[in-house]
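Chemist: here is a sequence with its predicted model. Questions after.
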Amino acid sequence: MQKIPINLAKPGMKLARPVVKDGGITVMAEGMELTEALISRLDTMKIDKIVVQGNPVDIGESGGGTAFDERLARMPHLFRHYKQDKWMSRVRDRMIEYFRFKAAQQAARERAEQERDELMEEPENGETVENGGEA
Amino acid sequence: MEDLRTTVKGQILSIQDLPTLPGVLDEVTKLVEDPDASTEAIAKVISRDQVLSAKVLKMVNSPIYGFPGRIGTIQHALVLLGFNVIRGIIISTSVFDMMVAAMKGLWEHSLGVATASNIVAKNAGFEDPEEYAVAGLLHDLGKVVTAVQLPELHDTILATVKERDITYLRAEKAVLGFGHDRINAWVARHWHLPGNIREAMSRHHSPHLAEFYKPVACVVHIADFMVRLFEFGSSGDDQTAYLRPEALKELGFKMSDLERSLDELSEQMIDIADLSL
């Protein structure tokens, strides 16, 4: 999940948060995939930032990043002065375990989304599409 | 060395130089003490300062306080969040205002700790989590005061953190002779902040020593630890804070409660990432 300025939005990105105007009105729902038309509409509505899935843009800022694998890698550094402290070593190990789990979860979710996108992109293999997805 | 410390202390604690707060705050504080004053009257005084009002409304409508985008007037904010929270917001925005550019990282860190304090207080089952949030928002104000009052020594502290690879608090003690927790206690008293917020400000590094309002000191302590794990904003060093087991115990927090709070924080951080002053 990443917050990006609207001028870095690209078609194909998906909203991780609904887009809400100042008055509190939701103009686009979470999960929606951006198109050129939608992006220019957001622009005319004076929406300057959106939250998209994954980490598609390298903004070069640490603020608000939730890349759990990056957190995982930082733990030994953050706890570097407490190596001799039994309690803090336990806390560190627990946090490493926590971020490892979160990173795996995040990766699995992104993989699943990618697979779903690939399936949706190639519907023309035999089966009829019309009544295939009845709910 | 001792002489230097005494001088420094005097410089920091000299009342006349302390960052001045908006005039309306004094007026409002007097009104609050008057049992006959209505919320409406208090709101009117704050609303007179339009820049300040806009800042307060921006803050109260952030996800930190749980009413995103739904508070339209100062009076409404006062009713929903109470005077202590509004006053805390006025103080933090006013003090940080003098230092925005230089202290953007600390502002973000403070926003993060405010958010995390709200989450931890809720998960501990405390009422009025927004009171805890504002304590989190103010917890590092002493660092800003040093930067405003003693810019050269502030630079020395930052350099000491780098050179000796120690925490900001230890560097403060090495350079000034005392830390921002002490400065916090003093400014909190000077600005007549309520006891719970004062205690959280002065005891967030040592909540086990809090004599009064221990829970709020423990909440902010844990929140600070959480935000440092994410390195959201900058607290002045790149280290975790020592997590006091007593603080977890005080709140009846298990590691799983801490992790649940981290889950919620990681969800909310993105919404506060660009909340400028």
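Modeler: Cool, the structure landed. If you're wondering where the values come from, they're calculated on a predicted model, not measured in any experiment.

Chemist: please report how far residue B:119 lies from chain A.
Modeler: Residue B:119 sits at a distance of 15 Å from chain A (criterion: CB to the nearest CB, to the nearest Å). (Each C-beta comes from the backbone N, C-alpha and C, glycine too.)

Chemist: just residue B:197 next, same as before
Modeler: Going from residue B:197 to chain A by CB to the nearest CB gives 26 Å.

Chemist: next, count neighbours for the residue of the stretch 1-150 of chain B found nearest chain A.
Modeler: For the stretch 1-150 of chain B, the residue positioned closest to chain A under CB to the nearest CB is residue B:69, at a distance of 4.5 Å. Using other CB atoms under 10 Å in any protein chain shown, the number of residues around residue B:69 comes to 14.

Chemist: so which residues on chain A come close to chain B?
Modeler: With CB under 8 Å from any CB of the partner chain as the criterion, chain A comes near chain B at residues A:1-3, A:17, A:20, A:22-24, A:49, A:51, A:62-64, A:66, A:68, A:71, A:74-75, A:77-82, A:85, A:87-88, A:91-92, A:94-95, A:98, A:102.

Chemist: roughly how far does residue A:69 sit from chain B?
Modeler: For residue A:69, the distance to chain B equals 13 Å [CB to the nearest CB].

Chemist: in chain A, which residue sits furthest out from the middle?
Modeler: residue A:84 (36.8 Å; CA atoms, centre = their mean).

Chemist: from the chain's centroid, how far away is the helix or strand residue B:157 falls within?
Modeler: Here residue B:157 sits within helix B:151-164, counting by DSSP states H and E. Between the centre of helix B:151-164 and the centre of its chain there are 22 Å (CA atoms, centre = their mean, to the nearest Å).

Chemist: can it be said to contact chain A?
Modeler: No - interface with chain A: helix B:151-164 contributes nothing (CB under 8 Å from any CB), its closest point being 11.1 Å away.

Chemist: mind listing what's buried along that helix?
Modeler: Neighbour counts over helix B:151-164 (16 or more other CB atoms under 10 Å in any protein chain shown) mark B:153-154, B:156-158, B:160-161 as buried.

Chemist: which one among those gets closest to residue A:40?
Modeler: Nearest to residue A:40 out of these is residue B:158 (CB to CB; 44.5 Å).

Chemist: now that closest one. Nearest residue, chain neighbours left out?
Modeler: The spatially closest residue to residue B:158, leaving aside those adjacent along the chain, is residue B:236, at 7.1 Å (CB to CB, 6 or more residues apart in numbering or on different chains).

Chemist: any idea how far residue B:146 is from that neighbour?
Modeler: Distance, residue B:236 to residue B:146, using CB to CB, to the nearest Å: 10 Å.

Chemist: repeat for residue B:123
Modeler: 33 Å.

Chemist: of these two, which one has the most company?
Modeler: Each of residue B:123 and residue B:146 has its neighbours counted (other CB under 10 Å); residue B:146 has more, 22 against 19.
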